[in-house]
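Trainee: how would this look folded up:
(chains A and B)
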Amino acid sequence: MSETKKGYARPLDLKHGRVDLTHGSGGRAMVQLIAEVFARHLGNDYLAQGNDGAVLPAPVLAGKPARLVMSTDSHVVSPLFFPGGDIGSLAVHGTLNDVAMMGATPLYLTAGFILEEGFALADLSRIVASMAQAAREAGVSVVAGDTKVVERGKGDGVFITTAGAGVLPEGLELGGARARPGDAVIVSGSMGDHGVAIMSQRENLCFDAPIVSDSAALHGLVAAMLATRAGLRCLRDPTRGGLAATLNEIAVQSGVGMMLQEQAIPVKPVVAAACELLGLDPLCVANEGKLIAICAGADAARLVSAMRAHPLARDAAVIGEVIADSRHFVQLTTAFGGRRIVEWLAGDQLPRIC
Amino acid sequence: MRYIDEFRDGALARILAGKIARAVEPGRGYSFMEFCGGHTHAISRYGLADLLPPALRLIHGPGCPVCVLPIGRVDLAIALALKQNVILCTYGDTLRVPASEGLSLMKARSRGADIRMVYSTLDALQIARDHPQREVVFFAIGFETTTPPTALAIQQAEREQLANFSVLCCHVLTPAAMRTILDAPAAGEGGAVALDGFIGPAHVSTVIGTRPYEFVAADYRKPVVIAGFEPLDVMQAILMLVRQVNDGRAAVENEFSRAVSREGNLKAQQRMAEVFELRREFEWRGLGVVPDSALKLREAYAAFDAERRFELAYRSVPDNPACECAAILRGARRPQDCRIFGTACTPEFPVGSCMVSSEGACAAHYSYGRHRDVH
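Mentor: Next up, the predicted model:
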């Protein structure tokens, strides 16, 4: 007589297995996926409790009550793996950076996965491991999660939504409506690396030196910037829509204009070259490891030199200034000598034909 | 970027700007049309207006491929994609051109049409190979620059006997458009300015050479300077045009000699001639019906002609009456003269085709130059 092993389940085939609908149906298969993929990489005391939510301590900073900052971001990227990262690390960095741009120290993340039936478990495992590593490096824990599976053809492999929470000391106020004429506009490094890395993968463009995404967690850099006590007004990470969209947003929110110097804006030669080929404007291309700072003009030089001491902002530069302009134009003096507007992008960038 | 940055050098630009300012004769105005959208883009993108003397006026011409595409042609492509269930492939900007019933190819896609952006005709061929059970139509638009790749794709499809591949040909010809502008009775009337010369096409001229423009100088006594698409190219061409006007000369000169010869690319011309023949007439947005101004597939390649394969009948559709694109494409009006510029018509919601591509006069002015408008 055969004896059934108690609680035994054949381990997931992480080499050749694929996501199927049972992995999202709430039964044993789902529990197994959570245990062998998610908990294996992301496991911590909060997740181990296995409750519907995580109980977190009230925020305190240096012994004083602090404020809570929350943000959320959904990640859909094709290809899922790209030079310099993957959707897993991106889902961690993207949300942490949104929290960090408020000046907060990120502490916790949650992650929701929408998986497509047929998605390779090996790829999923690789993505979750990459998330775990990114979270570890950033010093945050993933404290809650969720998994859903959609039928084949109704997803694009995997979509990841992360939410992040962090703590912000009393008295620190950063925001898009705080820019004033005379303030300096600062970027932490070269523009367009992430978007061009993705596009060149999509279009199968090969360059002598591969273009690598700049995906990175920026809260360490933000902490170093805050330590200078420079008059910071606003921090933003120029993701979708790039520098152009972010500065236009701030100009509208603050009711000001901006005047930029094209020559001061760092763009890597290989990124500039790829943009020429693909018909893109690097100022409208996404970044995932860069920030824009608006800061009191008098403090700008001091802030930039502190930024340059940080490994994620070696190429930090003042690229322009905030000006009074009732039309809220972001203008640019071109390297050629003329002036133009830096406009929001209308929809996706599409290549010109001529 | 070597070989590109040299043509965007600010110090050289200032030297050329000084030369142009000194060459301009006091009390005299100079109006030059840059035919190509590529030039319009460069002029706007680099802020050239700030480097030129006020006596010099640049008029944006019709050489923007998506701008001159009439609504009826986009309607044909949309009908193919929505009703005939084909995979429709085309170049980037074309996706946003406004068509009838508030549609565009982009909007048709959200209604379920299978429309794909390609960088090259070779991509369209590959899609046809990958989907042998589907009809794949390449919506071919553009001037002589994009025509040879379409010809090559059709010949390749014939060699491979790709029976599911065809082309909706909307290729148009530059010299015919220039002649239409020169013949336009409106020139000199109704706010339109008489042209003093042309900044001639860059990429088009690499294919057709400079010879096809000689009639402009010989018959119409207007100077033409073929120029590259970089901002220093444009500045140099302007200086050459000013000098011709001052000397009372009208000649075809070639600033873009690093890529353009008098005869052009003979191989490319041969492929075009093998596959295409002149259409008797073709409707342009802005210019109206222009005789002998566009191409269609020769009888020998009829099997690859989407118009014949799907028995498409062209129907002319009038532009939105508030839209001034037609006058703007002829150089008779400026974008900021249009009542709906920047209000009802913006790059997000283009009413007219000139607001679609950043090489369209309206989109270029909106995106790069509207800070100069004083209200």
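Trainee: what about the worst-scoring helix or strand of chain B on mean pLDDT and chain A, touching?
Mentor: For chain B, counting by mean pLDDT, DSSP states H and E, helix B:325-329 ranks last in confidence among helices and strands (a mean of 87). No. Legend: contact between helix B:325-329 and chain A by Cβ under 8 Å from any Cβ of the partner chain is lacking; minimum distance shown is 14.6 Å. Any C-beta I mention is one placed from the backbone N, CA and C, and that applies to glycine too.
Trainee: How far off centre is the helix or strand that that helix is followed by?
Mentor: Once helix B:325-329 ends, the next helix or strand along the chain (criterion: DSSP states H and E) is helix B:361-364. Chain-centre distance of helix B:361-364: 13 Å, with Cα atoms, centre = their mean, to the nearest Å.
Trainee: For the stretch 151-300 of chain A, which segments count as strands?
Mentor: A:158-168, A:184-187, A:232-236, A:257-261, A:292-295 (DSSP state E, counting those that start in this stretch).
Trainee: go on, chain B?
Mentor: For chain B, the strands defined by DSSP state E occupy B:30-36, B:56-63, B:87-90, B:114-117, B:136-142, B:165-171, B:197-200, B:224-226, B:252-254, B:276-278, B:281-284, B:288-291, B:295-297.
Trainee: among the strands of the stretch 151-300 of chain A, which is nearest chain B?
Mentor: Closest approach to chain B among the strands of the stretch 151-300 of chain A is made by strand A:257-261 (8.9 Å; Cβ to the nearest Cβ).
Trainee: Strand partners (parallel or antiparallel) of that closest one?
Mentor: Listed by DSSP bridges, the sheet partners of strand A:257-261 and their directions read strand A:317-323 (antiparallel), strand A:330-333 (parallel).
Trainee: ok, now which ones touch residue A:12?
Mentor: A:32-33, A:36-37, A:121 (Cβ atoms under 8 Å, 6 or more residues apart in numbering or on different chains).
Trainee: before we move on, the earlier item: using CSV, list the CA coordinates for the least confident helix or strand of chain B.
Mentor: Extracted in CSV, the C-alpha atoms of helix B:325-329 (Å, rounded to 0.1, in the frame of the first residue of the first chain):
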residue,chain,number,x,y,z
CYS,B,325,-2.8,74.2,-43.8
ALA,B,326,-3.4,74.6,-47.6
ALA,B,327,-2.3,78.3,-47.6
ILE,B,328,0.6,77.5,-45.2
LEU,B,329,1.9,74.7,-47.4
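Trainee: and it, what does it pack onto?
Mentor: In this structure, helix B:325-329 packs against strand B:56-63, helix B:361-364, with contacts taken as 3 or more Cβ pairs under 8 Å, 6 or more residues apart in numbering or on different chains; DSSP states H and E.
Trainee: and residue 123, what does it touch?
Mentor: If you meant another chain, say so; for now it's chain A. Counting by Cβ under 8 Å, 6+ apart, residue A:123 touches A:80-81, A:157-158.
Trainee: Not quite, go with chain B.
Mentor: With Cβ under 8 Å, 6+ apart, residue B:123 has these contacts: residue B:89.
Trainee: Show the pLDDT at the closest residue to chain A within the stretch 51-200 of chain B.
Mentor: Closest approach between the stretch 51-200 of chain B and chain A, counting by Cβ to the nearest Cβ: residue B:92, at 3.5 Å. In this prediction, residue B:92 carries a pLDDT score of 86.
Trainee: quick one: it and residue A:279 touch, right?
Mentor: Yes. Here residue B:92 reaches residue A:279: they are 7.0 Å apart, a contact under Cβ atoms under 8 Å.
Trainee: Could you dump the contacts of residue A:12 into TSV and include neighbour count and secondary structure?
Mentor: Putting the contacts of residue A:12 into TSV (neighbours: other Cβ atoms under 10 Å in any protein chain shown; DSSP: H, G, I helix; E, B strand; the rest coil) gives the following:
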residue	neighbour count	secondary structure
A:32	16	helix
A:33	24	helix
A:36	16	helix
A:37	22	helix
A:121	21	helix
